[in-house]
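# Take this sequence and fold it.
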Amino acid sequence: MTQRKKLRRDAKNQLKAAIAYFRDKVVFNSVQIEAYVSLLTELETRPLNRASLLEETEEFDQIGVTLYHDNRKKF
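Numbering: from 1, shown residues only. So this is what the prediction gives:
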C-alpha cells in the first residue's frame with residue numbers, strides 16, 4: 001500500500017470515528033453533515049483516481065455525510 005493511500009484511509013477512518021462520536025452526543029436534525037479529506041501533499045503527486053473518489057463519496061453518502069476532497073470551506 002502506498003503512503004498516500006494509507007494516509008487517505010487513515011483520514012477517512014478518523015472522519016468516520018468523529019462523526020460516530022458526535023452523533024452519539026448531539027442530535028443533528030435537519031442539518032447536512034460535511035466531511036473534508038484534506039491531505040497536504042507535494043505538488044508533483046499524481047491526481048487521485050476518479051473511481052477511488054467516487055467510491056469514497058458513496059461510502060460517506062451511505063452514512064448521510066457529504067464528503068469533500070479539499071482544504072477550503074466557503075460560506
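# Please, where are all the helices along this structure?
Assigned by DSSP state H, the helices in the chain fall at 3-25, 50-61.
# Using CSV, write down the CA coordinates of the longest one.
Listed in CSV are the C-alpha atoms of helix 3-25, where the atom choice follows Å, rounded to 0.1, in the frame of the first residue of the first chain:
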residue,chain,number,x,y,z
GLN,A,3,2.0,6.1,1.7
ARG,A,4,-0.7,8.3,0.1
LYS,A,5,-3.3,5.5,0.1
LYS,A,6,-2.6,4.8,3.8
LEU,A,7,-2.9,8.5,4.7
ARG,A,8,-6.2,8.7,2.9
ARG,A,9,-7.5,5.5,4.6
ASP,A,10,-6.5,6.8,8.0
ALA,A,11,-8.1,10.2,7.3
LYS,A,12,-11.4,8.5,6.3
ASN,A,13,-11.3,6.3,9.4
GLN,A,14,-10.7,9.4,11.6
LEU,A,15,-13.6,11.2,10.0
LYS,A,16,-15.9,8.3,10.4
ALA,A,17,-14.9,7.9,14.1
ALA,A,18,-15.5,11.6,14.8
ILE,A,19,-18.9,11.5,13.0
ALA,A,20,-20.0,8.5,15.0
TYR,A,21,-18.8,10.1,18.3
PHE,A,22,-20.7,13.3,17.7
ARG,A,23,-23.8,11.5,16.5
ASP,A,24,-23.9,9.8,19.9
LYS,A,25,-23.6,13.1,21.7
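# Now do that helix, average pLDDT.
Averaging pLDDT along helix 3-25 yields 89.
# From the contact counts, what lies against it?
Identification of packing neighbours for helix 3-25 by 3 or more C-beta pairs under 8 Å, 6 or more residues apart in numbering; DSSP states H and E yields strand 33-36, helix 50-61, strand 65-68. (Each C-beta comes from the backbone N, C-alpha and C, glycine too.)
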